[in-house]
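Asker: 3D model of this:
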Amino acid sequence: MKFHWETEFKETEIGEIPREWEVKKINEIGEIGGGSTPSTKVKDYWDGDIPWITPKDLANHGSRFISCGERNITRKAVIENSLKLYPNGTILLTSRAPIGYVAITKNPVTTNQGFKNIAPKEGTNSEFLYYLLINISEYLKDISGGSTFEELTKEILKDVLIPFPLLPEQSRIATVLSWFDDLIEVKRRQNEILEKTAMAIFKSWFIDFEPFRAYPERERGNYEFVYNEELGKEIPKGWEVKRLGEVVKTFKGISYKSAEKYQEYIEGGYIFITLDNFVRGGGFKTEYSWIKSERIKPSHLVREGDLIIALTDMTQNAQVVGAPAIVILPNGFDGGVISLDCMKIESIVENLKYYLYMFLKDTQEDNSTFANGVNVLHLMVNNFLTGKILLIPPPHILQYFHSLIEPLFQKIILNQKQIMTLRKIRDTLLPMLVFGKLRVEEM
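Answerer: Residues are numbered from 1 along each chain as shown. As a prediction, the model looks like this:
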């Protein structure tokens, strides 16, 4: 792979670009189309085999390629509603609520009306266009209009000017940037598998009790089972049943003022952990803001590996409130601060942290029943701590489970830190490559 810094530019409407590059409008390099929603009243329009993509599907999408969404539609729905079926390689661009999410279709899909999709014409590399749109996503938001809500219309998008190298260089640029995204995707999938493995072990041991029902030759096996009324099932004899509040200490986060929160690093500030850091159902997202306040107390602080839980929720299906997460911090930072929407949970029982995380994630739907509110749900902490019942295995069982699970989470944290590093490098290279400041001569 060979690079060089460009030294000869020409001035254009979009700034300096290499002399041999062109400036083109979006509608010159791709065919722009939209989407729509079939009638929800016609039952045989749904549960078909054609992915129907909405902006929500892209909101939690981690890869540049997309092949499915939450819902599918039937071919009958496509025909009777005159829906456009977009082939693989089409760029999906959200044009409202929110604007600027981008993905590339991996197979034929259709979308709702929240998109302006671009089918690349001959001479346009799909992945180059994908990265270019990511780079100008903030600009696309800025030029969007609308009286009721902001929308990137076809009329606006078609005239957007972009730098345009020849196809071979487009392909080289896309190859460099996609190398980072491919590696990020590998590590993301590794983490998915590692967490699923940990959850499978948890359920096998503490839901189905498989190691304790048989294998008498093992130290863990040959248990007598007794019926427990609180749990409504048989459990190994001698295992305890306790309220969550009996085995943990809790620490609420800071109630902050808007002037104390920053989107970028600020000298003397802390990494700020908020609801934005929770995955629906449980898990941690590495999307950080910053806080600087004289009101921060030691009880507001968290370290990497701490267990936290979401106390507030604005999702329709209550998938965030009561969701647990293991804190991950960027390289170079050893502490952060949690907002009042979060609560740190510290076990007073040895080796219980990962057990608690798995338990709370597996029962997040039940956790949410301890919340109340109309538009915004709030976890009733005292009721949760006194009403949430859990099974506590003997110390030697917990120690052995912890010894199996801890390395999995250490690897998850390491992978996530590497993902953050790879994203930072990719995001640094992205504008330099797509605007020709840094040239890829050969692969």
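
Asker: gap between the most centrally placed residue in the chain and Ile273?
Answerer: Centroid-nearest residue in the chain: Asn60, 4.7 Å away (criterion: Cα atoms, centre = their mean). The gap separating Asn60 from Ile273 is 19 Å, by Cβ to Cβ, to the nearest Å. No exception for glycine: its C-beta is placed from N, CA and C like everyone else's.

Asker: What mean pLDDT does stretch 393-402 get?
Answerer: Across stretch 393-402, the average pLDDT comes to 96.

Asker: I meant stretch 324-333, not that one.
Answerer: The average pLDDT within stretch 324-333 is 95.

Asker: again, but for stretch 5-23
Answerer: 96.

Asker: what's the answer for stretch 131-140, then?
Answerer: 96.

Asker: The residue nearest to the centre of the chain touches Arg280, doesn't it?
Answerer: Yes - the pair Asn60 / Arg280 is scored as a contact, 7.4 Å apart, by Cβ atoms under 8 Å.

Asker: And the closest residue to Tyr270 other than its chain neighbours, its phi and psi?
Answerer: Spatial nearest neighbour of Tyr270, chain neighbours left out: Val337 (4.4 Å); criterion: Cβ to Cβ, 6 or more residues apart in numbering. Phi and psi for Val337, reported as degrees, to the nearest 10, are phi -130, psi 140.

Asker: didn't Val337 look like it was pressed against Thr274?
Answerer: No - in this structure Val337 lies outside contact range of Thr274 using Cβ under 8 Å: 9.6 Å.

Asker: picking up where we left off before, tell me, how many residues neighbour the residue nearest to Tyr270?
Answerer: Per other Cβ atoms under 10 Å, the neighbour tally for Val337 reads 23.

Asker: Show me the beta-bridge partners of it.
Answerer: Using DSSP bridges, the beta-bridge partners of Val337 come out as Phe272, Leu301.

Asker: mind listing what it touches?
Answerer: The contact partners of Val337, taken as Cβ atoms under 8 Å, 6 or more residues apart in numbering, are Gly253, Ile254, Tyr270, Ile271, Phe272, Ile273, Ile291, Ile296, His300, Leu301, Val302.

Asker: which one among those gets closest to Ile193?
Answerer: Ile273 (25.3 Å; Cβ to Cβ).

Asker: With adjacent residues omitted, what lies nearest to that closest one?
Answerer: Ile338 (4.7 Å).

Asker: which residues sit in contact with that neighbour?
Answerer: Contacts of Ile338 by Cβ under 8 Å, 6+ apart are Phe251, Lys252, Gly253, Ile254, Ile273, Thr274, His300, Val302, Ile308, Lys344.

Asker: mind listing the helices for the stretch 301-443 of the chain?
Answerer: 353-362, 364-367, 381-387, 395-434 (DSSP state H, counting those that start in this stretch).

Asker: Kindly indicate which of the contacts of Ile338 lies nearest Leu167.
Answerer: Thr274 (43.4 Å).

Asker: Tell me, how many residues neighbour that closest one?
Answerer: Neighbours of Thr274 (other Cβ under 10 Å): 21.

Asker: What's the separation between Pro416 and Lys285?
Answerer: Slight slip there: residue 416 is Gln, not Pro. For Gln416, the distance to Lys285 - Cβ to Cβ - is 10 Å.

Asker: In terms of neighbours, single out the busier of these two.
Answerer: Gln416 (20 against 15).

Asker: How about that one: what's its closest non-neighbour residue?
Answerer: Gln416 sits nearest to Ile328 (Cβ to Cβ, 6+ apart), 5.1 Å away.

Asker: Count residues in the vicinity of His378, would you?
Answerer: With other Cβ under 10 Å as criterion, His378 counts 14.

Asker: I meant Ser95, not that one.
Answerer: By other Cβ under 10 Å, the residues close to Ser95 number 26.

Asker: Give me the phi and psi for the residue nearest to Gln416.
Answerer: phi -120, psi 130.

Asker: Now do the buried residues in stretch 129-145.
Answerer: Leu129, Tyr130, Tyr131, Leu132, Leu133, Ile134, Asn135, Ile136, Ser137, Leu140, Ser144 (16 or more other Cβ atoms under 10 Å).

Asker: what's the closest of those residues to Ile66?
Answerer: Closest to Ile66, out of all of these and judged by Cβ to Cβ, is Tyr130, at 11.0 Å.

Asker: Can I take it that the closest one is in a helix?
Answerer: Yes - Tyr130: assigned to a helix according to DSSP: H, G, I helix; E, B strand; the rest coil.

Asker: was I right about it contacting Ile91?
Answerer: Yes - using Cβ under 8 Å, Tyr130 is in contact with Ile91, at 5.8 Å.

Asker: Could you name every residue contacting both of the two?
Answerer: Common neighbours of Tyr130 and Ile91 (Cβ under 8 Å, 6+ apart) are Val102, Ala103, Ile104.

Asker: ok, of those, which one's closest to Glu31?
Answerer: Closest to Glu31, out of all of the shared contacts of Tyr130 and Ile91 and judged by Cβ to Cβ, is Ile104, at 15.1 Å.

Asker: and that closest one, that one's in a strand?
Answerer: Yes - assessed with three-state DSSP, Ile104 lies in a strand.

Asker: Which positions in the helix or strand of the chain with the lowest mean pLDDT come out as buried?
Answerer: Sorting the helices and strands of the chain by mean pLDDT, DSSP states H and E puts helix 210-213 at the bottom, at a mean of 86. By 16+ other Cβ under 10 Å, the buried positions in helix 210-213 come out as Pro211, Phe212.

Asker: Show me what it is packed up against.
Answerer: With contacts defined as 3 or more Cβ pairs under 8 Å, 6 or more residues apart in numbering; DSSP states H and E, the secondary structure elements packing on helix 210-213 are helix 167-206.

Asker: how about the helix it packs on: buried residues?
Answerer: Buried residues in helix 167-206, counted by 16+ other Cβ under 10 Å: 169-178, 180-181, 184-185, 187-188, 191, 194-195, 198-199, 201-202, 205-206.

Asker: do the same with stretch 253-268
Answerer: If you call a residue buried by 16+ other Cβ under 10 Å, then stretch 253-268 has these buried ones: Gly253, Ile254, Tyr256, Glu260, Lys261.
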